[in-house]
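Participant: Structure for this input, please:
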Amino acid sequence: MPLATHHFLRGIGIGLGGLAALAAAIELSRSVSRENVDQAAPETALSTTLARCRTLTPEDYAIDEECRAAWNQSRCRFFGLQSVPAGTE
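Facilitator: Next up is the predicted model:
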């Protein structure tokens, strides 16, 4: 039974799509290596403080000014805002 044209074209399309997905996966695996991740996120005083603040209970966070200031600084950096003094949010 000969292949109809639409079956042949569908096969070519599926094959090209598979090749494109394979090429994308290979490219992503090359660009996201462990050394690139380490260079992108160096340990800073802010990240150390935020790591400590993540362990606080809500009650402890309410009285910890250093954590409130660190989260405010992180939020401002993320949104590209100017820093607002802690306690005025």
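Participant: Find the least confident helix or strand in the protein, judged by mean pLDDT.
Facilitator: helix 34-40 (a mean of 54; mean pLDDT, DSSP states H and E).
Participant: next helix or strand past that one?
Facilitator: Downstream of helix 34-40, the next assigned helix or strand under DSSP states H and E is helix 45-53.
Participant: How about the strand or helix carrying L19, which residues are buried there?
Facilitator: For L19, the host element (DSSP H and E) is helix 5-31. Buried residues in helix 5-31, counted by 16 or more other Cβ atoms under 10 Å: none are found. To be clear about C-beta, it is placed using only N, CA and C from the backbone, and glycine gets the same treatment.
Participant: And stretch 64-82, by the same measure?
Facilitator: Of the residues in stretch 64-82, 67-73 count as buried by neighbour count, 16+ other Cβ under 10 Å.
Participant: what domains does the record give for this structure?
Facilitator: Per the record, the chain has its domains at 5-38, 43-79, by automatic domain parsing.
Participant: least reliable of these going by mean pLDDT?
Facilitator: Lowest mean pLDDT of these: domain 5-38, a mean of 82.
Participant: rewinding a little: the buried residues of stretch 64-82: which two are farthest apart?
Facilitator: The largest separation in the buried residues of stretch 64-82, counting by Cβ to Cβ, is between C67 and Q73 at 10.7 Å.
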